[in-house]
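[1] fold the following, please.
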Amino acid sequence: MKIIALKQEHLSELTAIYNYYVRNTTVTFNLRELSEEEFKQDFFHDDKLSGTYTISVDNQIIGFGCLSRFNKKEAYDRSAYISIYLNEESTGMGLGGRILVFLEKAAYKKGIRSLIALVCKENLRSISLFTKNGYRFAGELIEAAEKFGRLLDAVYYQKNI
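    This next block holds a predicted model:
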């Protein structure tokens, strides 16, 4: 597995991976697919606390991991959101834990000490990944989102690094 900083030439493949989750799941709360330009705006961050990383196996892009600013207020500069998106064929293979370790090390180098995952409560795969890797339940938002005609709860998981 190879993890590198997001590059312009990765946008098409990563946008397709992300849009799969938009169309088919509650993994993301986006209601419509993103264009490559919108994906770039959302994930190609230009600040010291953020970073999006392309994940490949055998020179084939399989997903991305992302650190993004938790809050615009400077007092929160020790905290960041963390997220991982893998193509459907690459899930359930144990890659998520390895990617988390990489993202945690990258976050630490940036001065981040608290990582926060915001997950749809029905996304049991993500909840399992985060809890297995030391993230603890940090809160719940009841019926905070609506997708596919259903009200959905969102949960926070947090790890101090």
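[2] contacting residues for Ala106?
    Going by C-beta atoms under 8 Å, 6 or more residues apart in numbering, Ala106 touches Gly51, Tyr53, Leu67. For glycine as for every other residue, the C-beta is placed from the backbone atoms N, C-alpha and C.
[3] mind listing the helices for the chain?
    11-24, 36-43, 95-109, 124-132 (DSSP state H).
[4] want to throw those helices into CSV with distance to Tyr157 and mean pLDDT?
    CSV is the format used below for the helices of the chain (distance: least, C-beta to C-beta, whole Å; pLDDT from 0 to 100):
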stretch, distance to Tyr157, mean pLDDT
helix 11-24, 18, 97
helix 36-43, 20, 92
helix 95-109, 11, 95
helix 124-132, 4, 96
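[5] what subset of the contacts of Ala106 is buried?
    Buried by 16 or more other C-beta atoms under 10 Å: Gly51, Tyr53, Leu67, out of those.
[6] tell me what the closest residue in space to the first one that isn't next to it in sequence is bridged to.
    By that I understand Gly51. Nearest non-adjacent residue to Gly51, counting by C-beta to C-beta, 6 or more residues apart in numbering: Leu67, 4.9 Å away. According to DSSP bridges, the residues that bridge with Leu67 are Gly51, Ile82.
[7] distance check, Leu67 against Leu115.
    8 Å (C-beta to C-beta, to the nearest Å).
[8] which ones are touching Glu146?
    Going by C-beta under 8 Å, 6+ apart, Glu146 touches Leu152.
[9] mind pulling up the pLDDT for the nearest residue to Lys48 once chain neighbours are set aside?
    Distances taken as C-beta to C-beta, 6+ apart put Lys110 closest to Lys48, at 6.3 Å, once the chain neighbours are dropped. Model confidence at Lys110, given as pLDDT, is 95.
[10] state the distance from the residue nearest to Gly51 to Ile116.
    Look at Leu67 and Ile116: by C-beta to C-beta, they are 10 Å apart.
[11] identify the contacts common to these two.
    Joint contacts of Leu67 and Ile116 (C-beta under 8 Å, 6+ apart) are Ala80, Tyr81, Ile82.
[12] returning to that earlier point: spell out which residues are contacts of both of Leu67 and Leu115.
    Overlap of the contact sets of Leu67 and Leu115 (by C-beta under 8 Å, 6+ apart) consists of Ala80, Tyr81, Ile82, Leu103, Ala107.
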